[in-house]
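Trainee: task: produce atomic coordinates for the following.
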Amino acid sequence: MNEPRSAPERRWGLFPALHAGRFASALRSAPLTAAGLGLFLFLVAFSWLGPLLIHTSPYAIRPALLFLPPSWAHPLGTDDLGRSFLARMMYGGQPSLGVAMLGTVNAVVVGLLYGMSSGLSPSWLDKVLMRTLDAILALPTLVLMIFFAALVRLDALSLILLLGLVSWPGLARIARNEVLAYKQRDYVLAARQFGAGTGYLARTHLLRSMLPIVLVNATFTVADLVLTLAGLSFLGLGIQPPNPSWGGTSRQRLESRDHRGVVAHPVPGSRDRAGDPRHEHDGPGHSQPARRTLTLPASPAARPAPTTPRLAVEGLRIVGRQQGRTITVVDGLSFELRPGRMLALVGESGCGKSLTAAAILGLLPWGFRIAQGRVLLDGEDVLQLPPGAWRRRRAESMGAVFQNPLTALNPTLPIGSQVVEA
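Mentor: Numbering: from 1, shown residues only. Here you go, the predicted structure:
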């Protein structure tokens, strides 16, 4: 009899390798993370479930209850209009947290689009986009928010857009740096070699790889925007009265002539710790340019075959930049590969074997280029093809198996799906 199969573990969204059991184990091993997540969930429950328990309107004006001290009926006292501070804190948490989280979503979307576009763009366009981003980051955030708050009508939508406007540049820089690091990974280069377009690479490989660090920084952004929104509301430029908010409640308390009430506001920074379990940034390194020159003469095949070479390399010369000067990495390399035959390039580490393979595939890393020579595939010089035609030709006729599985395979995708992709 066949043994019954156990139920498959549940997987979460864009994290196919993250299981519910692993997430619970990560929380148990990180008590500060669990405490931060618990405090954040408490704030959410305080703001959305609390009003269902107290049955007190935050808008009702009660002249007989002005400036009451804390009591069982009003645990945090009342304000100058007889409104319960506890009720206004609970109801004020809804727009404070909601606007901050939606503003963070806005910032993450814009930051990812801008940063990934910059990282995947040609060098000249990347420089233009980053200098523009530097100019935006140089603007004083508080002055910029006050300026726009004085121009537009202050409602939930305008606040979400305003907070997203001042928060996305930092996330864009992080996204761009992650793209520059991950796009040279072997599994990304292999996907390009198989004919994957820029959109597919960004969506399937780059976004999955960089999403953990982006989410961690997004949790920091939520806390920052809660404090920013509270500051704007305190200055009268955020959530407008009589709508309750944490910043507005603080301002009302300071403006009250009677200070017998107590106002205690939760600290939104607890959200920061909740993102730590997903923060596993392995800091991909950068390849070092080769220092030796590989020079191989053309050698005839041991047994001449009547067929034409499937692959022929003629006078290949690869150069690169190192410390401000041009160096020759591969010089005068020529060989032929006929159907049914195998060819081995043998040399010491750093002599240019991997760069030769990358040059044949059209996947040379940044800083290297083919200065001379031809690469003939079935008699056609592929170096003269347009990028789109060369990508289709390469996907149909060539393949690569990289030597290091730790970098050749995408750790966020199952191996089976990558085999299907190949």
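Trainee: what about residue 314, which helix or strand?
Mentor: strand 311-322 (DSSP states H and E).
Trainee: got any ranges where the stretch 251-400 of the chain has weak pLDDT?
Mentor: Residue ranges of the stretch 251-400 of the chain with pLDDT under 70: 255-307.
Trainee: go again using 90 as the cut-off
Mentor: Along the stretch 251-400 of the chain, segments meeting pLDDT under 90 span 251-312, 316, 319-333, 335-400.
Trainee: how far is stretch 49-66 from where the chain is centred?
Mentor: The chain centroid and the centroid of stretch 49-66 are separated by 42 Å under C-alpha atoms, centre = their mean, to the nearest Å.
Trainee: show me what that stretch is in contact with.
Mentor: The set of residues external to stretch 49-66 that reach it, using C-beta atoms under 8 Å, 6 or more residues apart in numbering, is 74, 78-84, 86-88, 90-92, 242, 244, 258. (Each C-beta comes from the backbone N, C-alpha and C, glycine too.)
Trainee: check which residues of it are buried.
Mentor: Applying a neighbour-count criterion of 16 or more other C-beta atoms under 10 Å, the buried positions in stretch 49-66 are 50, 51, 56, 58, 65.
Trainee: against residue 250, how distant is the last one?
Mentor: Per C-beta to C-beta, to the nearest Å, residue 65 is found 20 Å from residue 250.
Trainee: is it true that residue 28 touches residue 22?
Mentor: No - here residue 28 does not reach residue 22: they are 10.7 Å apart, not a contact under C-beta atoms under 8 Å.
Trainee: so which helix or strand takes in residue 375?
Mentor: With DSSP H and E as criterion, residue 375 is part of strand 368-377.
Trainee: list the helices and strands that strand packs on?
Mentor: When contacts are defined as 3 or more C-beta pairs under 8 Å, 6 or more residues apart in numbering; DSSP states H and E, strand 368-377 packs onto strand 311-322, strand 325-337, helix 353-361.
Trainee: which strands border the helix or strand just after it, and is each parallel or antiparallel?
Mentor: Moving toward the C-terminus from strand 368-377, the next helix or strand (DSSP H and E) is strand 380-381. Note on strand 380-381: by DSSP bridges, its sheet partners are strand 368-377 (antiparallel).
Trainee: contacts for the partner strand, please.
Mentor: By C-beta under 8 Å, 6+ apart, strand 368-377 touches 289, 309-320, 328-329, 333-334, 355, 358-360, 364, 381-383, 393, 397-398.
Trainee: change it to 6 Å
Mentor: Residues from elsewhere that reach strand 368-377 (C-beta atoms under 6 Å, 6 or more residues apart in numbering): 311-320, 359-360, 381-383.
Trainee: off-centre distance for stretch 365-378?
Mentor: Using C-alpha atoms, centre = their mean, the offset of stretch 365-378 from its chain centre is 32 Å.
Trainee: mind exporting the C-alpha coordinates of that stretch to PDB?
Mentor: In PDB, the C-alpha atoms belonging to stretch 365-378 read as follows (Å, rounded to 0.1, in the frame of the first residue of the first chain):
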ATOM      1  CA  PRO A 365      30.400  42.200 -17.500                       C
ATOM      2  CA  TRP A 366      30.400  46.000 -17.300                       C
ATOM      3  CA  GLY A 367      33.900  47.400 -18.100                       C
ATOM      4  CA  PHE A 368      34.900  44.800 -20.700                       C
ATOM      5  CA  ARG A 369      34.300  44.800 -24.400                       C
ATOM      6  CA  ILE A 370      35.400  42.900 -27.600                       C
ATOM      7  CA  ALA A 371      37.900  45.100 -29.300                       C
ATOM      8  CA  GLN A 372      38.600  42.800 -32.200                       C
ATOM      9  CA  GLY A 373      37.600  39.500 -33.800                       C
ATOM     10  CA  ARG A 374      34.600  37.600 -35.000                       C
ATOM     11  CA  VAL A 375      32.200  35.100 -33.400                       C
ATOM     12  CA  LEU A 376      30.600  32.900 -36.200                       C
ATOM     13  CA  LEU A 377      27.600  30.800 -35.300                       C
ATOM     14  CA  ASP A 378      26.700  28.600 -38.300                       C
END
